[in-house]
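Colleague: Pasting a predicted model and its sequence here:
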Amino acid sequence: MMTTKVLPALRGFMAQDRDLPRLERVEPDGTEPAVSIPSDCNDVLAVLRDRLPADARRVTIESLGTYAAVSATAKGRATGKIAVVTGAAQGFGLEIATDLAAQGAWVALADINAEGVQKAAAKINAECGRDAAIGVAVNVTDPDSIAAALECVVATFGGIDLFVANAGVLRAGSVKEIPVKDFDFVTNVNYKGYFLCVQNVAPIMALQHRAAPQAWFDIIQINSKSGLVGSNKNGAYAGSKFGGIGLTQSFALELVEDGIKVNSICPGNFYDGPLWSDPEKGLFRQYLDSGKVPGAKTFADVKRFYESKVPMRRGCTTPDVMKALYYLMEQAYETGQAIPVTGGQVMLA
């Protein structure tokens, strides 16, 4: 894993004020300094600090290749940020990644659906008119898969500024009847998966911060209103989301010393995404079949029932979520929070 131990540190040393460049693999031209880092080195930062010229913008790292610092040209609220979004082949994740790219970020879309996420990244690049996105396969319940995905991201971009933990699943059902395998499935993805992602991405961000102490980084979990209030006949999901907020608060306390802010966003119901609208596995189908909505006979009945619970009488949209996400990125004095984006359905005391 030399890539994730060297390139984030190199990127930090090439920072200009709080802005860290993208690192791009290039062919050597003979003018760049060459740095050798032993494979068993315990302090990459010390080696780079000692051997890297202060104004270097290109460098050859023996055994890794030659890298050049690239400044962002696309402008927006995420200019120059390197972001990873999990669960990005469709739904909220894809729309979050698309908006980040439109706002100037380089984005890695990560999803267990390898083919879908590659197509999604290609679509973003076509829309942006630049190589803004890549797709990487990842299973967030498998630490080896996460490590491999992040290694690919760092090899492509040089590091990570923003990690959006969006991957999530739901199996609705009464506590009296839900199969244990469904409970385990939801918990493994929503709770354990979030933990494993942070465990793997935090050291990358911490290395960047050690090299550039003026720079801070963000981990943002896309949680749910069900992480703030219980959900009838949906305990597996709500429990995993409550647990996620506990992780967010705990991670925030620990990782602040590494220059990492950790927050959650708790959206209301996103009716347009596959979590709700998939005709076979979506929540409209699950809630209709489980009898969670008394008297409901159609998907439209289920939707009307849930919209009636929201003071603003509509579901949550991606622009609603992005306003909260950019706030958390831009607000330097905010960590450990769970921000509701629920149209007033959940109001915090």
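Modeller: On my side now, so go ahead.
Colleague: quick one: the strands in this protein?
Modeller: Counting by DSSP state E, the chain has strands at residues 22-26, 34-35, 58-61, 65-70, 82-86, 106-111, 133-137, 162-165, 217-222, 260-267, 338-341.
Colleague: The last one - contacts with which helices or strands?
Modeller: This means strand 338-341. Applying 3 or more C-beta pairs under 8 Å, 6 or more residues apart in numbering; DSSP states H and E, one finds that strand 338-341 makes contact with strand 260-267, helix 318-330. Just so you know, the C-beta spots here come from the backbone N, C-alpha and C atoms, and that holds for glycine as well.
Colleague: what do you get if the cut-off is 10 Å, keeping everything else the same?
Modeller: The contact analysis (3 or more C-beta pairs under 10 Å, 6 or more residues apart in numbering; DSSP states H and E) places strand 338-341 against strand 217-222, helix 235-255, strand 260-267, helix 318-330.
Colleague: partner strands of it, parallel or antiparallel?
Modeller: Neighbouring strands of strand 338-341 in its sheet, by DSSP bridges, are strand 260-267 (parallel).
Colleague: One more: the fourth one?
Modeller: The strands beside strand 65-70 in its sheet (DSSP bridges) come out as strand 22-26 (antiparallel), strand 58-61 (antiparallel).
Colleague: cool, and the fifth one?
Modeller: Sheet pairing here is set by DSSP bridges, and for strand 82-86 it gives strand 106-111 (parallel), strand 162-165 (parallel).
Colleague: could you redo the ones you listed as JSON lines and give each row mean neighbour count and distance to S174?
Modeller: Output for these, formatted as JSON lines (neighbours: other C-beta atoms under 10 Å; distance: least, C-beta to C-beta, whole Å):
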{"stretch": "strand 106-111", "mean neighbour count": "30", "distance to S174": "30"}
{"stretch": "strand 162-165", "mean neighbour count": "27", "distance to S174": "28"}
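Colleague: Just tell me which of those ends up closest to V229.
Modeller: Smallest distance to V229 across the strands paired with strand 82-86 (C-beta to C-beta): 20.8 Å, for strand 162-165.
Colleague: Now that Q214 has come up, it's in contact with D17, right?
Modeller: Yes - if you go by C-beta atoms under 10 Å, Q214 and D17 touch, sitting 6.7 Å apart.
Colleague: neighbour-wise, which of these two wins?
Modeller: Comparing Q214 with D17 by other C-beta atoms under 10 Å, the one with more neighbours is Q214, at 11 against 8.
Colleague: Next one: that one, what pLDDT does it get?
Modeller: pLDDT recorded at Q214 is 97.
Colleague: Show the contacting residues for it.
Modeller: Q214 makes contact with 12, 15, 17-19, 259, according to C-beta atoms under 10 Å, 6 or more residues apart in numbering.
Colleague: swap in D142?
Modeller: By C-beta under 10 Å, 6+ apart, the contact list for D142 reads 112, 148-149, 188, 193, 196.
Colleague: quick one: which of those sit in helices?
Modeller: Counting by DSSP state H, the part of the contacts of D142 found in helices is 148-149, 193, 196.
Colleague: Now do the helix or strand of the chain with the lowest mean pLDDT: which elements does it pack against?
Modeller: Lowest mean confidence among the helices and strands of the chain (mean pLDDT, DSSP states H and E): helix 274-277, at a mean of 82. Where contact means 3+ C-beta pairs under 10 Å, 6+ apart, helix 274-277 is packed against helix 91-102, helix 283-290, helix 299-307.
Colleague: With distance to G244 and mean neighbour count added, can I get those in TSV?
Modeller: Formatted as TSV, the helices and strands packed on helix 274-277 follow (distance: least, C-beta to C-beta, whole Å; neighbours: other C-beta atoms under 10 Å):
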stretch	distance to G244	mean neighbour count
helix 91-102	15	24
helix 283-290	18	19
helix 299-307	21	16
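Colleague: Which one of these lies nearest to L170?
Modeller: L170 lies closest to helix 283-290 among the helices and strands packed on helix 274-277, at 6.5 Å (C-beta to C-beta).
Colleague: What is that closest one packed up against?
Modeller: Using 3+ C-beta pairs under 10 Å, 6+ apart, helix 283-290 sits against helix 274-277, helix 299-307.
Colleague: could you redo the last one with a cut-off of 6 Å?
Modeller: Other helices and strands packing on helix 283-290, by 3 or more C-beta pairs under 6 Å, 6 or more residues apart in numbering; DSSP states H and E, are helix 299-307.
Colleague: circling back to that earlier point, quick one: which of the ones in helices among the contacts of D142 is nearest D131?
Modeller: Nearest to D131, judged by C-beta to C-beta, of the ones in helices among the contacts of D142 is A149 at 18.4 Å.
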